[in-house]
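# whatever this is, show me its structure:
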Amino acid sequence: MSQNNCLLTGGSGFIGQALVPALLQRGMKITILSRSPKTTEGLFDGAVTAIADLKQLTSNDHFECVINLAGFGIADKRWSESVKQTIRDSRIETTAALIDYFKRAETKPDTFISGSAIGVYGLRDDQPLDETAGGDDSFSSQLCQEWESEAQQAEALGIRTSYLRTGVVLGKNGGALSKMLPPFKFGLGGPMGSGQQWMSWIHRDDIVGIILHVMDNKSIQGAVNGTAPTPVTNKAFSQALGKVLNRPAFLPLPSFVVKLLMGKMGEELLLSGQRVIPQKALQTQYAFRYPDLPSALKEIL
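Numbering: from 1, shown residues only. This is a model prediction of the structure:
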């Protein structure tokens, strides 16, 4: 592999913490953009270099690969106007700063993998969605479209660019599952709203696997769905989780309660869904370690 130097944003996040060891295993030299450089370096036992600002990089610094995973958690807080602005700024401003760096770098990166999310497809019903599907005017769709549009400027600089449209990432010690587990462990879990909305999930090992797959396959560019090939309904997800935990999972959380507690965020992220198919990953022969939900949940729990 020629990709020896990697620049990473969002390295201390849920995906980043699994990605960094995988990159180190390949013998790569990693620089991480971080608000707390010393803490980030400590997180990986000093095996990475962390910087607080991209302006610390000179035009002579060269990275074969740049991976952009930075962003304030979209489901961390109820969406007030200020929270929505923070979510937007954390994505767009970091991406814009990377583009500025690319413009002044004497040697451009070979590969730019920029984060996005399946929220780009908007509030959808039952139709299967591959990378060619469009979006709508919901907040999450508009956010992702703007995020990808900012990253797209790298293409004009001759950099192979991919937009990683991540689904619900499942893994140990964090992510979406850590928020779902408490009620299920007490036998109080169940579907949200009708339970018929689709959940496009992926095991954390597979989202890392897809990132490495995109790095290695020079033919892959543009949108890439970071989801498992078997999306499930929210009701089926609840039943599978209850089964693995050996707990009942039939207590529904009514739509009006979700809307009352979480407002528009709950409406878009929990009561609506997307049935996403990872067409590009499948077409380019990515081998999923956890293609179905029961095997993924068993490994995690």
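# how about the strands in this structure?
5-9, 29-33, 49-51, 65-68, 111-117, 128-129, 160-166, 168-170, 198-199, 201-203, 222-226, 232-233, 275-276 (DSSP state E).
# the third one pairs with which strands, and in what direction?
Each strand that pairs with strand 49-51, with its direction, by DSSP bridges: strand 29-33 (parallel).
# ok, and for the strand it pairs with, which residues are buried?
30-33 (16 or more other Cβ atoms under 10 Å). To be clear about C-beta, it is placed using only N, CA and C from the backbone, and glycine gets the same treatment.
# returning to what we had before: any chance of JSON lines for the strands of the chain, columns mean pLDDT and distance to Glu267?
Shown next, in JSON lines, are these (pLDDT from 0 to 100; distance: least, Cβ to Cβ, whole Å):
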{"stretch": "strand 5-9", "mean pLDDT": "98", "distance to Glu267": "29"}
{"stretch": "strand 29-33", "mean pLDDT": "98", "distance to Glu267": "33"}
{"stretch": "strand 49-51", "mean pLDDT": "98", "distance to Glu267": "37"}
{"stretch": "strand 65-68", "mean pLDDT": "98", "distance to Glu267": "28"}
{"stretch": "strand 111-117", "mean pLDDT": "98", "distance to Glu267": "16"}
{"stretch": "strand 128-129", "mean pLDDT": "98", "distance to Glu267": "19"}
{"stretch": "strand 160-166", "mean pLDDT": "98", "distance to Glu267": "20"}
{"stretch": "strand 168-170", "mean pLDDT": "98", "distance to Glu267": "16"}
{"stretch": "strand 198-199", "mean pLDDT": "98", "distance to Glu267": "15"}
{"stretch": "strand 201-203", "mean pLDDT": "98", "distance to Glu267": "20"}
{"stretch": "strand 222-226", "mean pLDDT": "98", "distance to Glu267": "23"}
{"stretch": "strand 232-233", "mean pLDDT": "98", "distance to Glu267": "17"}
{"stretch": "strand 275-276", "mean pLDDT": "98", "distance to Glu267": "18"}
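# how about the buried residues of strand 29-33 in a markdown table, adding distance to Ser90?
Shown next, in a markdown table, are those (distance: Cβ to Cβ, whole Å):
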| residue | distance to Ser90 |
| --- | --- |
| Ile30 | 21 |
| Thr31 | 19 |
| Ile32 | 16 |
| Leu33 | 12 |
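# which one, of the strands of the chain, ends up nearest to Ser59?
Among the strands of the chain, strand 5-9 comes nearest to Ser59, with 14.0 Å by Cβ to Cβ.
# so can I have CSV of the strands of the chain showing distance to Leu241?
Below are the strands of the chain laid out as CSV (distance: least, Cβ to Cβ, whole Å):
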stretch, distance to Leu241
strand 5-9, 31
strand 29-33, 33
strand 49-51, 36
strand 65-68, 30
strand 111-117, 22
strand 128-129, 23
strand 160-166, 20
strand 168-170, 10
strand 198-199, 11
strand 201-203, 11
strand 222-226, 21
strand 232-233, 10
strand 275-276, 19
